[in-house]
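Novice: My questions are about this predicted structure, shown below with the sequence.
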Amino acid sequence: AQSVTQLGSHVSVSEGALVLLRCNYSSSVPPYLFWYVQYPNQGLQLLLKYTTGATLVKGINGFEAEFKKSETSFHLTKPSAHMSDAAEYFCAVTGYSSASKIIFGSGTRLSIRP
Amino acid sequence: GAGVSQSPSNKVTEKGKDVELRCDPISGHTALYWYRQSLGQGLEFLIYFQGNSAPDKSGLPSDRFSAERTGGSVSTLTIQRTQQEDSAVYLCASSVGQENSPLHFGNGTRLTVT
């Protein structure tokens, strides 16, 4: 079984500051991990994903995430926040099987201060 | 090409009535998910269809909820005897069915039970 915990339901940073959104997972099998983003009044879209191979994954809009097996974490970062990054971010996990469903975290709302 | 289509986009119903929510996935996508999104609750998994396999219904919150997928394409989520706590946005997503495949989300159906 898989589960996801996102620490912090709301994160606020200044424009230009580092963005760090935390995600920890639990999985009984090697995981696939995802970050999705939901901009205001829009549907969810994939930001990035980790499957196998390189543990540092780069996504759209300058975001990246690092898979750390020892810490069971997949935190999302961006060096410099932009006003357009304001959105809800969801971490998700699934297992190495097409029968394994995708489970989402509770989401983190990112606000950007001018 | 066409994305995931959900209808209706908004539904207001009286407590105790039955409702049906429809999802048209992307053509050729074998996997189909239903999620429920409530304020502060993130994306709650409801049900997962994968090809011809038996659906994973482990997320359905009560026996008032059911879903079917006809011909491996269109899916209908039915809520019987609706309650106020059923008010939420119901999201459908589909994918090509591999475990690392990204989900493509519809815009959701906003259900309000009065």
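Specialist: That came in fine, so what should we check first? Quick caveat: nothing in here was measured; it's all calculated off a predicted structure. Numbers count the residues shown, from 1 in each chain, chains lettered A, B, ... in the order given.
Novice: From now on I want contacts and neighbour counts done on CA atoms only, so please keep to that.
Specialist: OK.
Novice: Just want the most central residue of the chain.
Specialist: You didn't pick a chain, so chain A it is. A:Trp35 (3.5 Å; CA atoms, centre = their mean).
Novice: meant chain B actually
Specialist: B:Trp34 (3.1 Å).
Novice: Quick check, the residue in chain A closest to chain B?
Specialist: Closest residue of chain A to chain B, CA to the nearest CA: A:Ser106 (3.7 Å).
Novice: What's the separation between that residue and A:Ser84?
Specialist: From A:Ser106 across to A:Ser84, the span is 21 Å (CA to CA, to the nearest Å).
Novice: For those two, indicate the residue with more neighbours.
Specialist: Shown here are A:Ser106 and A:Ser84; by other CA atoms under 10 Å in any protein chain shown, A:Ser106 has more neighbours (25 against 11).
Novice: helices and strands of chain B: which one has the lowest mean pLDDT?
Specialist: In chain B, the helix or strand scored least confidently by mean pLDDT, DSSP states H and E is strand B:42-50, which has a mean of 92.
Novice: Please name the residues that touch residue 107.
Specialist: Picking chain A for this. Listed by CA atoms under 8 Å, 6 or more residues apart in numbering or on different chains, the contact set of A:Gly107 reads A:6, A:9, A:88-91, B:40-43.
Novice: Let me rephrase: I mean chain B.
Specialist: So, once contact is read as CA under 8 Å, 6+ apart, B:Asn107 ends up touching A:42-43, B:4-6, B:9, B:91.
Novice: got it, and A:Ala1?
Specialist: So A:Ala1 contacts A:26-29 (CA under 8 Å, 6+ apart).
Novice: And for B:Thr13?
Specialist: B:Thr13 touches B:19, B:111-114, counting by CA under 8 Å, 6+ apart.
Novice: swap in A:Thr52?
Specialist: A:Tyr32.
Novice: and what of A:Glu15?
Specialist: A:80-83, A:112-114 are the contacts of A:Glu15 under CA under 8 Å, 6+ apart.
Novice: try 10 Å this time
Specialist: A:80-85, A:111-114 (CA atoms under 10 Å, 6 or more residues apart in numbering or on different chains).
Novice: Which of those residues are buried? Put it as a PyMOL command.
Specialist: Buried residues within the contacts of A:Glu15, by 16 or more other CA atoms under 10 Å in any protein chain shown, are selected in PyMOL with:
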select buried, chain A and resi 81+82+85+111+112
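Novice: Please tabulate the contacts of A:Glu15 in TSV, including the columns pLDDT and secondary structure.
Specialist: What follows is the contacts of A:Glu15, written out as TSV (pLDDT from 0 to 100; DSSP: H, G, I helix; E, B strand; the rest coil):
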residue	pLDDT	secondary structure
A:Ser80	97	coil
A:Ala81	97	coil
A:His82	97	coil
A:Met83	97	helix
A:Ser84	96	helix
A:Asp85	97	helix
A:Ser111	97	strand
A:Ile112	97	strand
A:Arg113	96	strand
A:Pro114	94	coil
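Novice: What sits closest to B:Thr82 if chain neighbours are left out?
Specialist: B:Gly16 (4.8 Å; CA to CA, 6 or more residues apart in numbering or on different chains).
Novice: Since that was my last question, I'll sign off now.
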